[in-house]
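J.: Give me a model of this one.
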Amino acid sequence: MREVQSLAIVITDPRQTISTWKKRFSAALGIVGGTSVLRRLLSQLAHAGVPRTMVLARGTTGDIARNFGDKLDGMELCLRALPKPNAGRLVDAATIAEVAYVGGDVLVFTENVVIDFELIDRLLRSQDRNIAVVSKSQGRPSLRVLADDALRLTAILPELPPSQKFASADPNLMGVYKFDSAFVRAIARNRRHRTHDDLEFFETALGIHANPIHIMCAEPHRVKMVNDAVDLAAANFALSRSDQLTYG
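T.: Residues are numbered from 1 along each chain as shown. A predicted model of the protein is given here:
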């Protein structure tokens, strides 16, 4: 495999479906603004100049395999199924072979997200090498983040039980990250238990003090998770609202 300067890894689960009164389909293929959630993200990455993207499908490639070839808008595209889906959704030993050929940044997307291109551009232009995107949105339980005044990540906490869903103002991870490729390789070498759990990933990452992780705050309407029909409707509304704000 040839070396590339940057790589995007999009982790999706084709078995996660959205049901409407009309039909049932993979959440990644839900239509937002006239195109699917997954294709929209891949096109944005190509437009941002990312040379190669790997789509990792948990369990099976499902219907996703019929929607993409090996190129998209000039970006090299690779689709691979993970036959034994990991419990967590971050980079682990299953992807370290691909990261070995990356000289710079690794963008990681672990949720079905509708995201503003401006946020992807900010990630790539930022001088911070390791970034986790967070939001104050409480629309869906997520791992909570603690950070210091310099926006350096200090801890990751498990998601709150439903009864305490609105009890904390701490920001939540949105499933969008940028990591230095050397940092990812260091994490892979230092993970002792390899339970493939997101908390273990961050526990190892925070122990590598020479490579701090910073947080980047995103307004709730700038990034939306799409996991069900309600999320899909909200994403379409947010996208139309964003267009109105931009072009109105």
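J.: isn't residue 178 right up against residue 109?
T.: No. In this structure residue 178 lies outside contact range of residue 109 using CB atoms under 8 Å: 10.5 Å. For the C-beta atoms, the positions are set from N, CA and C on the backbone; glycine is no exception.
J.: List the contacts of residue 96.
T.: Going by CB atoms under 8 Å, 6 or more residues apart in numbering, residue 96 touches 184, 185, 188.
J.: The first one: what secondary structure?
T.: In other words, residue 184. helix (DSSP: H, G, I helix; E, B strand; the rest coil).
J.: so it sits right up against residue 105, yeah?
T.: No. With contact defined as CB under 8 Å, residue 184 and residue 105 do not form a contacting pair (9.9 Å).
J.: Who has more neighbours out of the two?
T.: More crowded of residue 184 and residue 105, by other CB atoms under 10 Å: residue 184, with 29 against 21.
J.: Just the pLDDT at that one, thanks.
T.: Among the per-residue scores, residue 184 shows a pLDDT of 88.
J.: Would you quantify the distance from it to residue 90?
T.: When CB to CB, to the nearest Å is applied, the distance between residue 184 and residue 90 equals 9 Å.
J.: Repeat that for residue 185.
T.: Counting by CB to CB - residue 185 and residue 90 are separated by 14 Å.
J.: which of those two has more neighbours?
T.: residue 90 (24 against 17).
J.: Surely that one and residue 201 touch.
T.: Yes. Using CB under 8 Å, residue 90 is in contact with residue 201, at 4.6 Å.
J.: Distance check, residue 72 against residue 170.
T.: 36 Å.
J.: whoops, residue 144 was the one
T.: 5 Å.
J.: neighbour-wise, which of these two wins?
T.: A side-by-side neighbour count of residue 144 and residue 170, using other CB under 10 Å, places residue 144 first with 18 against 14.
J.: who's the more buried one bridged to?
T.: residue 157, residue 172 (DSSP bridges).
J.: I'd guessed it sits against residue 153; true?
T.: No. Assessed by CB under 8 Å, residue 144 is found out of contact with residue 153, at 11.2 Å.
J.: List the beta-bridge partners for the residue nearest the centre of the chain.
T.: Computing the C-alpha centroid of the chain and ranking residues by CA atoms, centre = their mean puts residue 109 first, at 1.7 Å. On the basis of DSSP bridges, residue 109 is bridged to residue 10, residue 176.
J.: residues contacting it?
T.: For residue 109, the contacting residues are 8, 9, 10, 11, 41, 175, 176, 177, by CB under 8 Å, 6+ apart.
J.: Kindly provide the distance from it to residue 76.
T.: Residue 109 is 17 Å from residue 76, where distance means CB to CB.
J.: can you check residue 59 too?
T.: In this view, residue 59 and residue 76 are 24 Å apart by CB to CB.
J.: now swap in residue 143 and tell me
T.: 31 Å.
J.: ok, the closest residue to residue 56 other than its chain neighbours - how many residues close by?
T.: Setting aside the residues directly before and after it, residue 56 is nearest to residue 11 in space (CB to CB, 6 or more residues apart in numbering), at 4.8 Å. By other CB under 10 Å, the residues close to residue 11 number 24.
J.: Isn't residue 11 up against residue 108?
T.: Yes. If you go by CB under 8 Å, residue 11 and residue 108 touch, sitting 7.4 Å apart.
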